[in-house]
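The following block contains a protein sequence and its predicted model.
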Amino acid sequence: MTMDELKIKIAIIDDDVDKCTIIGIKAILQEKMPNMTDICYTCNSPKDFIEYCNKANPNFDILLVDMHFGRNADEGLKVLKYVKDTNKTYKPIIITGHSFKKELIEDAKKLGVKCYLPKNLMIDLLADVIKTVYAGLEMDGNLINYWLSYRSLTPTEREVFEYFAIGKTPAEIADILIPKIKKEKKDKDRSDLMELNTIGRYLTEIRKKMNLQTDALATVVAIKLKIPKVLDELGIQKKG
C-alpha cells in the first residue's frame, strides 16, 4: 500500500472552544491530503480525551495535541504521558500558538513526541509532518526553525532572500528591487536609498534572523523550505 492509499486516523486535542483550529486543520488536510486522512475525534481537554480512550479504546494513528490549556502551558503533556503509560500506538504531534520552551520540548520528546509544530506553520508543514511522523520518523527540528525564521522576514526581506538564494549578487538584486522599493516608499530622492548599501542592510538582517552561518546556506534553506521561486529558478521539481 502506498502513502496515497492510506487512511490516517487523526484525533485533535486542542483548547479551541470556537473550533477555529479544528476547522483550519480540516481545510488544510482536505487540500493537502485529500482522501488520506480521517479526523475521527476532537475534544477540548486532555481529561476528555483520556476518559474517552479508557471507555472506547479507539484506534488512532496520529494525535494533534495542543500544549496550552487555560493557564496551564504544559497541560498537553498529560495526553503524552497517558499514551506512553498505556502503551498506546498513537503517534503524537504537539501543536501550539504559543512559544515553545526548550524544557517543554525536551519533556515531550521523552514521552515519545517526534515533532512540535507552531500553529502558524500548519498551512506549510502539517501534511509533511503527519506523513513523516506516521512513517515513524522524526521531523527535522531545523526545518521548523527555518520556517519560523522565514516567517519573521518582512515581505521585502523575503524577496531579497529568494533572489540571494538563487545566486543573484547584491548588485543584481539591487537592479531588480531598488526601483520597486523606491516606488513603494514614494520617495525617489532619498540619499540613503543607495542600491548596494540598502541591499546590504537587508542581507545583514536576513542573515541574523535566519541564522545563516554562510551565504551558501541560503540556497540549502530555500530548497528545504520548497520556496516555489527558488525551485523554479534552480530547475528543481517540487514534490508533495
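In hand now; what should we look at? Every value quoted in this text rests on a predicted model; they were computed, and no experiment measured them.

Confirm T42 sits in a helix?
No. The assignment for T42 by DSSP: H, G, I helix; E, B strand; the rest coil gives strand, which leaves it out of any helix.

That one - how many residues pack around it?
19 (other C-beta atoms under 10 Å). The way it works is simple: take the backbone N, C-alpha and C, and place the C-beta from them, glycine included.

Can you tell me the number of residues neighbouring L63?
Neighbours of L63 (other C-beta under 10 Å): 25.

Work out for me the element T132 sits within.
helix 122-134 (DSSP states H and E).

how far is that helix from where the chain is centred?
Relative to its chain's centre, helix 122-134 lies at 8 Å (C-alpha atoms, centre = their mean, to the nearest Å).

go on, stretch 136-147?
8 Å.

Need the CA coordinates for the helix holding T132. CSV is fine.
Extracted C-alpha coordinates of helix 122-134, given in CSV (Å, rounded to 0.1, in the frame of the first residue of the first chain):
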residue,chain,number,x,y,z
MET,A,122,0.4,24.4,9.8
ILE,A,123,-0.5,25.5,6.3
ASP,A,124,3.0,25.0,5.1
LEU,A,125,4.1,21.9,7.1
LEU,A,126,1.1,20.0,8.6
ALA,A,127,0.8,17.5,5.8
ASP,A,128,4.5,16.8,5.6
VAL,A,129,4.7,16.5,9.4
ILE,A,130,1.8,14.0,9.5
LYS,A,131,3.4,11.8,6.8
THR,A,132,6.8,11.9,8.5
VAL,A,133,5.6,11.0,11.9
TYR,A,134,3.2,8.4,10.6
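
Name the residues of that helix that come out as buried.
Across helix 122-134, burial judged by 16 or more other C-beta atoms under 10 Å covers M122, D124, L125, L126, A127, D128, V129, I130, K131, T132, V133, Y134.

Could you provide the residues you listed in TSV, with additional columns for distance to G24?
Output for these, formatted as TSV (distance: C-beta to C-beta, whole Å):
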residue	distance to G24
M122	7
D124	13
L125	13
L126	9
A127	13
D128	16
V129	15
I130	14
K131	19
T132	20
V133	19
Y134	20
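
and which of the residues you listed is nearest to P92?
V133 (8.3 Å; C-beta to C-beta).

Surely the closest one is in contact with I93?
Yes. Using C-beta atoms under 8 Å, V133 and I93 qualify as a contacting pair, with a distance of 5.6 Å.

circling back to that earlier point, in the buried residues of helix 122-134, find the pair that's most separated.
The span of the buried residues of helix 122-134, defined through C-beta to C-beta, is set by D124 and Y134 at 17.9 Å.

Model confidence score at the residue nearest the centre of the chain, please.
Nearest to the mean C-alpha position of the chain, by C-alpha atoms, centre = their mean, lies L121 at 3.3 Å. Per-residue confidence (pLDDT) for L121: 89.

Skip the chain neighbours and tell me the closest residue to it.
Nearest in space to L121, with sequence neighbours left out and distances taken as C-beta to C-beta, 6 or more residues apart in numbering, is W147 at 5.1 Å.

what sits in contact with each of V133 and I93?
Counting by C-beta atoms under 8 Å, 6 or more residues apart in numbering, the common neighbours of V133 and I93 are I62, K114, C115.

gap between V83 and M36?
22 Å (C-beta to C-beta, to the nearest Å).

Which one of the two is surrounded by more residues?
Of the pair V83 and M36, V83 is the one with more neighbours under other C-beta under 10 Å, namely 23 against 17.

Where do the strands of the protein begin and end?
Listed in chain order, the strands of the chain (DSSP state E) span 8-13, 37-43, 62-66, 91-96, 116-118.

Please name every helix or strand in contact with the first one.
Which is strand 8-13. Applying 3 or more C-beta pairs under 8 Å, 6 or more residues apart in numbering; DSSP states H and E, we find strand 8-13 packed against helix 20-32, strand 37-43, helix 46-56, strand 62-66, helix 122-134.
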